[in-house]
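>>> Let's see this in three dimensions:
(chains A and B)
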Amino acid sequence: KAGVTQTPRYLIKTRGQQVTLSCSPISGHRSVSWYQQTPGQGLQFLFEYFSETQRNKGNFPGRFSGRQFSNSRSEMNVSTLELGDSALYLCASSLDLLAKNIQYFGAGTRLSVL
Amino acid sequence: AQKITQTQPGMFVQEKEAVTLDCTYDTSDPSYGLFWYKQPSSGEMIFLIYQGSYDQQNATEGRYSLNFQKARKSANLVISASQLGDSAMYFCAMREGMNTGFQKLVFGTGTRLLVSP
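Residues are numbered from 1 along each chain as shown, chains lettered A, B, ... in the order given. This is a model prediction of the structure:
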């Protein structure tokens, strides 16, 4: 069974641009969450989706947005990029919303903003 | 306030020895889950082990075991018989409100483990 797939693996953008990251969950998984990892702030929760609905959102500015499609694939978008958005963006999928769900992570997209 | 605290920035162990990575947590929610993940230099977070707040026994998964002390709010990871491939960052994480369906994980700052031959 294929794991969580994130594309692209690496991105270089300049300030002010926007970027879209993609996440394909494990087959059959319906919940997708996104996290940002930086050396300074560590791992921080961005948002989570289930059945195309955003169920929870972390403390990030409105420049960060996401969506989930009917096939459970998810995208996140960052508009008007800032230098501080340089990070590893990790996507995780889980089967459903049951209590003992395990989140499985992808390899991440490493975004560099110049 | 920090919800997950990992006080060991780095740990050093020799191959085949056991090592304990510390994790303490803070929550007032009676229903929570505790997770350990391994992150090699490649970046992918690999799930290792899970412990629910209502689980009576400590979780074990192969060479990994979780020393869960609820009253002390600690959930230490024990790796037995360390291997060179265990060298990585290790993160402790917590999910509160396990019955709400929310998936949000709160992570600690991590412990870098180095296994030497």
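>>> Skip the chain neighbours and tell me the closest residue to residue B:117.
Nearest non-adjacent residue to residue B:117, counting by CB to CB, 6 or more residues apart in numbering or on different chains: residue B:15, 5.5 Å away. Just so you know, the C-beta spots here come from the backbone N, C-alpha and C atoms, and that holds for glycine as well.
>>> Please tell me how far that neighbour sits from residue A:103.
Per CB to CB, to the nearest Å, residue B:15 is found 30 Å from residue A:103.
>>> Next: residue A:91.
Distance from residue A:91 to residue A:103, by CB to CB: 10 Å.
>>> who touches both of the two?
residue A:33 (CB atoms under 8 Å, 6 or more residues apart in numbering or on different chains).
>>> And the lowest mean pLDDT element among the helices and strands of chain B?
strand B:60-61 (a mean of 93; mean pLDDT, DSSP states H and E).
>>> pLDDT on the next helix or strand along the chain from that strand, on average?
Going down the chain from strand B:60-61, the next helix or strand is strand B:64-69, by DSSP states H and E. Strand B:64-69 carries an average pLDDT of 96.
>>> Does chain A have contacts with the next helix or strand after strand B:64-69?
As assigned by DSSP H and E, the chain's next helix or strand after strand B:64-69 is strand B:74-79. No: Strand B:74-79 is not in contact with chain A by CB under 8 Å from any CB of the partner chain; minimum separation 15.5 Å.
>>> next one: strand B:74-79 to chain centre, how far?
Centroid displacement of strand B:74-79 relative to its chain, using CA atoms, centre = their mean, to the nearest Å, is 6 Å.
>>> what's the answer for stretch B:84-92, then?
Distance, centroid of stretch B:84-92 to centroid of chain: 10 Å (CA atoms, centre = their mean).
>>> quick one: average pLDDT of it?
Here the average pLDDT along stretch B:84-92 is 98.
>>> List of residues touching it?
Residues outside stretch B:84-92 that contact it (CB under 8 Å, 6+ apart) are A:43, B:4, B:6, B:15, B:21, B:23, B:25, B:34-41, B:45, B:48, B:75, B:77, B:79, B:107-108, B:110-115, B:117.
>>> For ChimeraX, what selects the buried ones among these?
In ChimeraX syntax, the buried subset of the contacts of stretch B:84-92 is picked out as below (16 or more other CB atoms under 10 Å in any protein chain shown):
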select /A:43 /B:4,6,21,23,25,34,35,36,37,38,39,45,48,75,77,79,107,108,110,111,113,115
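>>> So which of the contacts of stretch B:84-92 sit within strands?
Using DSSP state E, A:43, B:4, B:21, B:25, B:34-39, B:48, B:75, B:77, B:79, B:107, B:111-115 are the members of the contacts of stretch B:84-92 that sit in strands.
>>> Give me the phi and psi for the residue nearest the centre of chain A.
Residue closest to the average C-alpha location in chain A (CA atoms, centre = their mean): residue A:34, at 3.2 Å. With angles defined as degrees, to the nearest 10, residue A:34 sits at phi -120, psi 140.
>>> can you pull up the bridge partners for it?
residue A:47, residue A:91 (DSSP bridges).
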